[in-house]
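> sequence first, predicted model second:
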Amino acid sequence: MYPEPQDCKVHPPAELAGVLEGQSRPGFFVGVATIVLKLFNIVQPRVAVFGKKDYQQFLVIKNMVRQFALPVQIVAAETVREPGGLALSSRNGYLRDDQRIEAVQLYRILCGAVAELKAGKSNREDIERAATESLEARGWQPTTSPSAADRTYGFPATGMNWLSWERRDWARRGSLTTLRSEGARRREEFEERCYLNDLT
């Protein structure tokens, strides 16, 4: 894929690729978009499937395909989970048993909030507050929703839908992995986040 230094690169819009994972890993989505564009040019597929677990990556690629008018249909695949709810991921294999149990609690609390909304409970703020308090009580810390991103890219404008959550104490121990993976490579410290886009 790289027979020579890659001087020509794809730079996704900052409001899409410069938040969340892009904020913590500057330039990451430049590499993602560039290699995927090269791969599309070589293979020339009619359809390409990207998992919702890597939802920000999916949006970056979908936007790139639209901008360059590539003849490729981008399809979002649902996240496949273990019976307990943990997303199937090679990186989740690095979790200890106690971390796997806690990671599932994150998913269950978020699913509970979604279930209440779908059941017709109209006070969204109360539902979000209760879920937030439950997560924070277990040591999860929320990161903010990307205010610069709008519905053009598929980011909800408000609410919990695009919040991510992490256990920073796990990351300090160097044994954490990703729930909402963005195609990240194995690193010394892994981050664990779960996007609610995957639940709604």
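Cool, the structure landed. In this text, all values refer to a predicted model and were calculated from it rather than measured experimentally.

> may I ask you to name the longest helix in the chain?
Counting residues, the longest helix found in the chain (DSSP state H) is helix 97-118.

> report the distance from it to the chain centre.
Using Cα atoms, centre = their mean, to the nearest Å, we find the averaged C-alpha position of helix 97-118 to lie 16 Å away from the chain's own average C-alpha position.

> pull out the buried positions in it.
By neighbour count, and taking 16 or more other Cβ atoms under 10 Å as the criterion, the buried residues in helix 97-118 are 99, 102-104, 106-107, 109-110, 113-114, 116-117. For glycine as for every other residue, the C-beta is placed from the backbone atoms N, C-alpha and C.

> got it, and stretch 48-68?
48, 50-65.

> give me the subset of these lying in helices.
Where those overlap with helices, as defined by DSSP H, the overlap consists of 55-65.

> which of these sits closest to residue 94?
Looking at those and their distance to residue 94, the nearest is residue 57, at 20.0 Å (Cβ to Cβ).

> distance-wise, check the closest one relative to residue 106.
Taking Cβ to Cβ, to the nearest Å as the measure, residue 57 falls 20 Å from residue 106.

> what ranges of this structure fall below the confidence cut-off?
In the predicted model of the chain, residues 142-200 satisfy pLDDT under 70.

> what ranges do the helices span in it?
Shown for the chain, the helices assigned by DSSP H span residues 14-17, 21-24, 28-43, 55-67, 97-118, 124-137, 168-173.

> out of these, which comes closest to residue 88?
Comparison of the helices of the chain against residue 88 by Cβ to Cβ identifies helix 97-118 as nearest, at 12.1 Å.

> quickly list the domain ranges of this structure.
Partitioning the chain according to automatic domain parsing yields domains covering residues 14-77, 91-198.

> how close does residue 86 get to residue 79?
10 Å.

> between those two, which one's more packed in?
Set residue 86 next to residue 79 and count neighbours by other Cβ atoms under 10 Å: residue 79 wins out with 21 against 18.

> could you find the closest non-adjacent residue to that one?
Leaving aside its sequence neighbours, residue 79 sits nearest to residue 53 (Cβ to Cβ, 6 or more residues apart in numbering; 4.5 Å).

> that neighbour and residue 86 touch, don't they?
No: Residue 53 is beyond contact range of residue 86, at 11.2 Å (criterion: Cβ atoms under 8 Å).

> hang on, the earlier thing: how close does the residue nearest to residue 79 get to residue 81?
9 Å.

> and residue 95, by the same measure?
As for residue 95, its distance to residue 81 is 14 Å (criterion: Cβ to Cβ).

> who has more neighbours, those two?
Between residue 95 and residue 81, counted using other Cβ under 10 Å, residue 95 has the larger neighbour count: 21 against 15.
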